[in-house]
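**Student:** What shape does this take:
(chains A, B, C and D)
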2 protein chains.
Amino acid sequence: MAAFDINHAGGLAPAVPREGAGASPCSACSIRNLTICAPLNDIEQTQMAAIVTNIEQPPGTPLFDEGEPADHVFNVTAGTIKVYKLLPDGRRQVTGFLFAGDFLGLANQDTYAYSAEAVTACHLCRFPRRKLEDLMTRFPKVEQRLLNIASNELAVAQEQMLLLGRKTAREKIASFLLLLAKRAQQRGQKDDSVSVPMSRTDIGDYLGLTTETVSRTFTQLKKANLIRLLPNSQVELSQRAELEDIAGGF
Amino acid sequence: MAAFDINHAGGLAPAVPREGAGASPCSACSIRNLTICAPLNDIEQTQMAAIVTNIEQPPGTPLFDEGEPADHVFNVTAGTIKVYKLLPDGRRQVTGFLFAGDFLGLANQDTYAYSAEAVTACHLCRFPRRKLEDLMTRFPKVEQRLLNIASNELAVAQEQMLLLGRKTAREKIASFLLLLAKRAQQRGQKDDSVSVPMSRTDIGDYLGLTTETVSRTFTQLKKANLIRLLPNSQVELSQRAELEDIAGGF
DNA sequence: GCTTTGGATTGACCCAGATCAAGGACGCGG
DNA sequence: CCGCGTCCTTGATCTGGGTCAATCCAAAGC
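**Tutor:** Residues are numbered from 1 along each chain as shown, chains lettered A, B, ... in the order given. Predicted coordinates for the structure are as follows:
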């Protein structure tokens, strides 16, 4: 098996051929309906394909850093990306994990407001920002789609603020696992067990906890028979309903 | 003086006449350049005005609740609004405070994802969502503007996650005061002192703290001569530079 | 004026989660 | 198969901010 196992996240076939800016791999894109390309017909799709570059991102490598000129936007086609912000002393807040279909790079200023890094090996479609903007004026559908994506992300962000500001460690972990499960389901993966490809540290930085607390809380949920830790970073949600209650703050 | 002192927030004249759906108070709108109307010319503005209703919102009254059908969107023209989410047991996260010029009500689902309530007496422009959507297809500029607003809010939300997940109480309060100052400045208000019209409880619910901690931290900053608490909910930021350092996590 | 009332402040104490410190368990390269 | 590095887990202890409980204070009403 290749060095980059993009199937790490649990059995989804590569959505896009791995090479270059070529003709139109987009026509074969299995997750098109999740991306910004969703509203385009085949002809329009071709124009979109003309400005896109397919890139590969090995695990642990940065995609861009906060403050860099925001020259590109991206669509994840496979793998897991984390985006985060840092304080000067190194404290870190992971503001999101992105999966196949997710869009990133939206910046209203001319620099990125956060850093992005591959968690697992990733494939992405890269669009030059300027060119995508041109294309958006020609296809308002795309702009509309982007507005939809943005307002969806806004709702997600607000949910995350509720989590960060008001939930306990136990509630945070339960919410996190259910979120992963929901996202995996959206991508059409089986939902008897969830892939958790990111480290305890990343999870802690996402939930406003330390690694130790994340680990302890996993153990605690395991002992309560609410989850099972399986090999290959898989977690089985044995008592989904009960987890939902915990996550919801009941 | 009238029962609703919309100048509570510090000396800004009412931006919009207080009555009904009338002809076009918009032409006199002093904060147009802050709103979604910014990109429109006078003729387009008139069409916008045709679908808008000016509403008044007394302090403490709800504008809408999470889960309600999202039939309207709003532009604040005067006063302070808070938006928040609740957990079943009553824990609350204020996800934002909105001021003159701010837009609210974006919902990608057909229901509001959060509740909104007036903190001070407020004036707002209310748009029927459906009609605004129609108008957006005719004026892509408005949709573009909305996308800008949304991506801006997204950046703000990420900053807030960093605050909630990783900052100390002291850093949170400093960040909060500076945010209020910055927002007031954007609206063209003097910045020697900031108006803090919301209660300690609201501030706590915004920053993921309790009232007591908010109060204690204010006292602490006061004793360190970084701020002064003035009458009428005004706070003077005596040592802005030092506050910036604290807020930034240095 | 005096009283009421709903924040705001302050104090005493407590606890969830952080910090500090070992181990343990893989997975990987040699 | 062994050794090494990285991540994960677990334990012991500490602490920032929460909780509980009085006041305090200022605006509003009588």
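
**Student:** in the sheet, who's paired with the spatially most central residue of chain A?
**Tutor:** Geometric centre of chain A, nearest residue: A:L98, 0.7 Å, by C-alpha atoms, centre = their mean. Beta-bridge partners recorded for A:L98 (DSSP bridges): A:I81.

**Student:** residues touching it, list them.
**Tutor:** A:V76, A:T80, A:I81, A:K82, A:V83, A:L104, A:A116 (C-beta atoms under 8 Å, 6 or more residues apart in numbering or on different chains). To be clear about C-beta, it is placed using only N, CA and C from the backbone, and glycine gets the same treatment.

**Student:** from those, which is closest to chain B?
**Tutor:** Distances from chain B to the contacts of A:L98, taken as C-beta to the nearest C-beta, are shortest for A:V83 (8.2 Å).

**Student:** Please tell me I have it right and that closest one contacts A:V94.
**Tutor:** Yes: A:V83 sits in contact with A:V94 when judged by C-beta atoms under 8 Å, with a separation of 7.1 Å.

**Student:** May I see the buried residues of the longest helix belonging to chain A?
**Tutor:** Looking across chain A with DSSP state H, the single longest helix is helix A:140-166. Buried positions in helix A:140-166, judged by neighbour count with 16 or more other C-beta atoms under 10 Å in any protein chain shown: A:142-155, A:157-166.

**Student:** If we go by neighbour counts, what in the following helix or strand past it is buried?
**Tutor:** Where DSSP states H and E defines the elements, the next helix or strand beyond helix A:140-166 is helix A:169-186. For helix A:169-186, burial by neighbour count (16+ other C-beta under 10 Å) applies to A:169-181, A:183-184.

**Student:** Skip the chain neighbours and tell me the closest residue to the closest residue to DNA strand C within chain A.
**Tutor:** Nearest residue of chain A to DNA strand C: A:T213, at 3.1 Å (C-beta to the nearest atom of the strand). In this structure, A:T213 finds its nearest non-sequential neighbour in A:A169, 5.3 Å apart by C-beta to C-beta, 6 or more residues apart in numbering or on different chains.

**Student:** separation between the one you found and A:T210?
**Tutor:** Applying C-beta to C-beta, to the nearest Å, the value for A:A169 to A:T210 is 10 Å.

**Student:** show me where pLDDT drops low in chain A?
**Tutor:** A:1-24 (pLDDT under 70).

**Student:** where along it do the strands fall?
**Tutor:** With strands called from DSSP state E, chain A shows them at A:53-57, A:62-64, A:72-78, A:81-86, A:92-98, A:103-104, A:115-118, A:122-128, A:193-195, A:227-230, A:234-237.

**Student:** Establish whether the fifth one and DNA strand C are in contact.
**Tutor:** Same thing as strand A:92-98. No: judged by C-beta under 7 Å from any atom of the strand, strand A:92-98 stays clear of DNA strand C, getting no closer than 11.7 Å.

**Student:** wait, what's in contact with A:L163?
**Tutor:** Listed by C-beta under 8 Å, 6+ apart, the contact partners of A:L163 are A:E171, A:K172, A:S175, A:L207.

**Student:** same thing with A:R183?
**Tutor:** Contacts for A:R183 (C-beta under 8 Å, 6+ apart) come out as A:F99.

**Student:** Is it correct that A:N225 is in contact with A:L237?
**Tutor:** No: taking C-beta under 8 Å as the definition, A:N225 is not a contact partner of A:L237, at 11.2 Å.

**Student:** The two - which one has more neighbours?
**Tutor:** Neighbours per residue, other C-beta atoms under 10 Å in any protein chain shown: of A:N225 and A:L237, the larger number sits with A:L237, 22 against 10.

**Student:** mind checking how far the more buried one is from chain B?
**Tutor:** Note on A:L237: its distance to chain B, by C-beta to the nearest C-beta, to the nearest Å, is 21 Å.

**Student:** ok, what's across the strand from that residue?
**Tutor:** A:I227.

**Student:** what's the spacing between stretch A:108-121 and its chain's center?
**Tutor:** The chain centroid and the centroid of stretch A:108-121 are separated by 12 Å, computed with C-alpha atoms, centre = their mean, to the nearest Å.

**Student:** A:G204 is in contact with the residue of chain A closest to DNA strand C, correct?
**Tutor:** Yes: distance between A:T213 and A:G204: 6.8 Å, which falls inside the contact criterion (C-beta under 8 Å).

**Student:** Compare the two (neighbour count), which wins?
**Tutor:** A count of neighbours by other C-beta under 10 Å puts A:G204 above the other of A:T213 and A:G204, at 23 against 18.

**Student:** From DNA strand D, how far out is the more buried one?
**Tutor:** Taking C-beta to the nearest atom of the strand, to the nearest Å as the measure, A:G204 falls 9 Å from DNA strand D.

**Student:** Show the contacting residues for the closest residue to A:L106 other than its chain neighbours.
**Tutor:** Of all residues not flanking A:L106 in the chain, B:S151 sits nearest, at 4.8 Å (C-beta to C-beta, 6+ apart). Residues counted as contacts of B:S151 (C-beta under 8 Å, 6+ apart) are A:L106, A:A107, A:N108, A:A150.

**Student:** Fine by me, thanks again.
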